[in-house]
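Trainee: Sequence and predicted structure, then a few things I'm wondering about:
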Amino acid sequence: MSNISYDDFAKLDIRVAKIISTEPIPGKTKIIKGVIDIGNEQRNVIIGGAQYYKSEDIVGKIVIVIINLESKIMAGVESNAMLLAADVDDKPFWLTVNEDIPLGSHIK
């Protein structure tokens, strides 16, 4: 893997968000549709790991997201952010924070 410059990293808009709703996507077993709150707005996202987690169990979870990626359509759903996760044998473990901080806070 090649190195990137700090300027490249600084282009990423990484924020604290909360998963506020989820719903299954018909015919899909590994992804679900979610809505996240990033403080000043809500966005649709595709959330992986549906085979490991019940969608209702992740509602309310605080996660770290990149909000300035180009939107992507998967399974007919437009995703407007990306949840960051550690990946262990294809199972996501979403990054989070331990403190109670405002939604939308920047990660640097």
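Mentor: Alright, I've got the coordinates.

Trainee: mind showing which ranges of the protein have poor pLDDT?
Mentor: Of all residues in the chain, none has pLDDT under 70.

Trainee: Show me which positions of the lengthiest strand in it end up buried.
Mentor: Selection of the longest strand in the chain by residue count, based on DSSP state E, yields strand 14-24. Of all the residues in strand 14-24, those buried under the rule 16 or more other CB atoms under 10 Å are 14, 15, 16, 17, 18, 19, 22. All C-beta atoms are positioned from the backbone trio N, CA, C, and that covers glycine.

Trainee: Go through the residues you listed and say which is closest to residue 80.
Mentor: Taking CB to CB as the measure, residue 80 lies nearest residue 17 of the buried residues of strand 14-24, at 11.3 Å.

Trainee: Isn't that closest one up against residue 64?
Mentor: Yes: judged on CB atoms under 8 Å, residue 17 makes contact with residue 64 at a distance of 7.4 Å.

Trainee: starting at the chain centroid, how far to stretch 95-102?
Mentor: 14 Å (CA atoms, centre = their mean, to the nearest Å).

Trainee: Equivalent analysis for stretch 2-13, please.
Mentor: That offset, for stretch 2-13, works out to 19 Å (CA atoms, centre = their mean).

Trainee: hmm, back to that, would you mind pulling up the elements that the longest strand of the chain packs against?
Mentor: Secondary-structure packing of strand 14-24 (3 or more CB pairs under 8 Å, 6 or more residues apart in numbering; DSSP states H and E): strand 31-37, strand 42-48, helix 55-58, strand 62-66, strand 106-107.

Trainee: Each with direction, which strands does that strand pair with?
Mentor: Sheet partners assigned to strand 14-24 using DSSP bridges are listed as strand 31-37 (antiparallel), strand 62-66 (antiparallel), strand 106-107 (antiparallel).

Trainee: would you turn those strands into CSV with distance to residue 6 and mean neighbour count?
Mentor: Formatted as CSV, those follow (distance: least, CB to CB, whole Å; neighbours: other CB atoms under 10 Å):
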stretch, distance to residue 6, mean neighbour count
strand 31-37, 27, 21
strand 62-66, 16, 19
strand 106-107, 15, 11
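
Trainee: how about these in CSV, adding distance to residue 56?
Mentor: Below are the strands paired with strand 14-24 laid out as CSV (distance: least, CB to CB, whole Å):
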stretch, distance to residue 56
strand 31-37, 10
strand 62-66, 16
strand 106-107, 27
